[in-house]
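Asks: Here's my sequence, what's the structure:
(one chain, ligands or ions: 1)
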Amino acid sequence: MDYPFFHVSHYINGQFIDRGPRFDIYYPATNYVIGSAPEAGAEEVDAAVQAAVRAFGQWSRMSSAERRVLLKRFAQLIRDHEDELAAIETWDVGRPIAENKAGYIARIAANIEFFADFAVTHGSEAYPMDNGYINYVLRQPVGVAALITPWNIPMLQATWKMGPALAFGNTVVLKPAELTPIGTWRLAQLAHAAGIPPGVINVIHGFGPDSAGALLTKHPDVKLISFTGETTTGTIIMAAVAPTLKRVSFELGGKGANIIFADVDLERAVSISLRSSFFNQGEFCLAGPRILVQRPVYEAFLSHFRQAAAQLKIGNPFDPDVRVGALISREHFTRVSNYIDLAGTDGASIILGGTPPVLPEPFAQGNFLQPTIIIDVKPHDRVCQEEIFGPVVTVAPFDDEEEAVAIANGVSYGLSAVVQTRDVGRAVRLGSALEAGTIWVNDFFVRDLRVPFGGMKQSGIGREGGHYSLEFYTEVKTICLSNQ
Ligand code: ADP
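Replies: You can find the predicted model right below:
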């Protein structure tokens, strides 16, 4: 097998800079070193923030139509490099290449294009008063936005945050997760080639606590923080930004329910459930790892689902037939495996998987775990409450709508849910009753970029998407205009 080597660098003030101690980047499917990246310290973080502060003057004063030209050029370069970026995401994450090809890179470009257009077409409110005065609302860019992203869908996260931040006139310092820095660094190269001015986008690498991430959150010249990651990290960042009163948008963990009613077409329910369970090896905050099935079809669903999950090909992520890739790291593999051990001690039964597959070298060295199905669980079991973030699902029966809603809502998270039923009235009732920021009815992972995206409860603070992103990434002013 031919391995690439990615010599990743920071991107500060329009320059690719190699400064700071370097750390290795591992390919999750074999644990071979495929590159290295520098760790930013206080000096590099400050240089990136200051570059963004300087660039803000010019970028924020450009018209949104001028910014759109540059952002569209950037997005077009993403589209032009689809195959290369799909491969990079697989090297970074260990996700099957098949999942990166199915519209994934196009969506990364669309995140930029959508907000570039939105900024041009969006107006603001005006309120003519009875006395002839006019109140109008002005939205202006805020300043430097720190964008902190996780390792599971790195390029999608990077553009989902960069798109609106830049389109509405802010400048950014982006810190990708230390486990997956390659894709974001490559995006910086494409932005550079597109002619985005120096300092508008800065990318720094490093870790979270006591490193680039924490330094960024404390920097006084950073005005906004858009963070996606673990709930515990969100609480740490919230405390860190309190002294400088930064505005935050947090998308945190999830533990979605996938509720299947007896009236569904079982084949389709199985197909949706395979995706909501095992997309990205289940390393996905939007996943639906708590499968709840109405009792009359419980046994039939379980048998079909088990059979279908057992047939998912696992192994070499570059094999186009592979559907389950490798977990991100050895450490994460151990964490996920510990949950499986816990299920055994809680009296639950593992009816599929639970162990690594037998794979040839070099994949025997990777962090692969077979799709795992756990049954005989109780709603309060830890495997049903805590985010496992791997290809591990629980399946449990329920009797009626009320019970399904109670179980689904009985967790601290509230990011997403899947409801499968042909009964429209029931879908409407569950849409209202479920505590989740996004609820899919009869499908999974489809979303118009205009709708709000984010989580309730411990799954986040705020929403992004469409005008919700506009609200987060702009400062709003009311101007009262006298007619005298
Ligand atoms: P995940 O395990 O999904 O990567 P984390 O919450 O650990 O979730 O990390 C998400 C992102 O947040 C990463 O880029 C990580 O480096 C960063 N991060 C982790 N801890 C902190 C922190 N204390 N301050 C700022 N950023 C952090």
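Asks: Residue 469 - how many residues pack around it?
Replies: As a burial measure, the neighbour count of residue 469 was computed by other Cβ atoms under 10 Å and equals 29. Where you see a C-beta, it was placed from the backbone N, CA and C, and this is true even at glycine.
Asks: correction: residue 404
Replies: Neighbourhood size, residue 404 [other Cβ under 10 Å]: 25.
Asks: Could you do residue 102 as well?
Replies: With neighbours defined by other Cβ under 10 Å, the count for residue 102 comes to 12.
Asks: And the one 5 residues further on, by the same measure?
Replies: Residues near residue 107, counting by other Cβ under 10 Å, number 17.
Asks: count of neighbours near the closest residue to it other than its chain neighbours?
Replies: Excluding the flanking residues, the one nearest residue 107 by Cβ to Cβ, 6 or more residues apart in numbering is residue 156, at 6.5 Å. Residue 156 has 17 neighbouring residues, counting by other Cβ under 10 Å.
Asks: On the pLDDT front, check residue 156 for me.
Replies: Residue 156 is assigned a predicted lDDT (pLDDT) of 98.
Asks: Name the helix or strand for it, please.
Replies: Taking DSSP states H and E as the criterion, the element that holds residue 156 is helix 154-167.
Asks: How about residue 258?
Replies: For residue 258, the enclosing helix or strand under DSSP H and E is strand 257-260.
Asks: sorry, back to before: state the next helix or strand along the chain beyond the helix holding residue 156.
Replies: Assigned by DSSP H and E, the successor of helix 154-167 is strand 171-175.
Asks: so what strands line up beside that following strand?
Replies: strand 144-148 (parallel), strand 201-203 (parallel) (DSSP bridges).
Asks: Distance from it to the middle of the chain?
Replies: Centroid separation between strand 171-175 and its chain, computed with Cα atoms, centre = their mean, to the nearest Å, is 16 Å.
Asks: ok, then the element right after it?
Replies: Using DSSP H and E, the helix or strand that follows strand 171-175 towards the C-terminus is helix 182-193.
Asks: So what's the gap between whichever helix in the chain runs longest and the chain middle?
Replies: Secondary structure of the chain per DSSP state H: the longest helix is helix 42-61. How far helix 42-61 lies from its chain's middle: 25 Å, per Cα atoms, centre = their mean.
Asks: For the helix or strand just after it, the averaged confidence score.
Replies: Remark: after helix 42-61, the chain's next helix or strand is helix 64-80, criterion DSSP H and E. When pLDDT is averaged along helix 64-80, the result is 98.
Asks: Buried residues, helix 64-80. List them.
Replies: Residues of helix 64-80 classed as buried: 64, 67-68, 70-75, 77-78 (neighbour count, 16 or more other Cβ atoms under 10 Å).
Asks: Next, the contact list for the closest residue in space to residue 195 that isn't next to it in sequence, please.
Replies: Excluding the flanking residues, the one nearest residue 195 by Cβ to Cβ, 6+ apart is residue 70, at 5.8 Å. Neighbouring residues of residue 70 by Cβ atoms under 8 Å, 6 or more residues apart in numbering: 194-197.
Asks: same question, residue 249
Replies: Contacts for residue 249 (Cβ under 8 Å, 6+ apart) come out as 224-227, 454, 460-464, 472.
Asks: same thing with residue 13?
Replies: Taking Cβ under 8 Å, 6+ apart as the criterion, residue 13 is in contact with 47-48, 51, 54-55, 198-199, 202.
Asks: how much space between the residue nearest to residue 248 when sequence neighbours are not counted and residue 320?
Replies: In space, residue 248 comes closest to residue 225 once its chain neighbours are excluded; the distance is 4.8 Å by Cβ to Cβ, 6+ apart. The span separating residue 225 from residue 320 equals 38 Å under the rule Cβ to Cβ, to the nearest Å.
Asks: what's the pLDDT at the nearest residue to residue 466 once chain neighbours are set aside?
Replies: Leaving out its chain neighbours, the residue that sits closest to residue 466 by Cβ to Cβ, 6+ apart is residue 450, at 3.7 Å. Listed pLDDT for residue 450 reads 96.
Asks: returning to what we had before: could I get the buried residue list for the longest helix of the chain?
Replies: If you call a residue buried by 16+ other Cβ under 10 Å, then helix 42-61 has these buried ones: 44-53, 55-56, 59-60.
Asks: between that helix and helix 64-80, how many degrees?
Replies: 120 degrees (axes from the mean of the first three to the mean of the last three Cα atoms, to 10 degrees).
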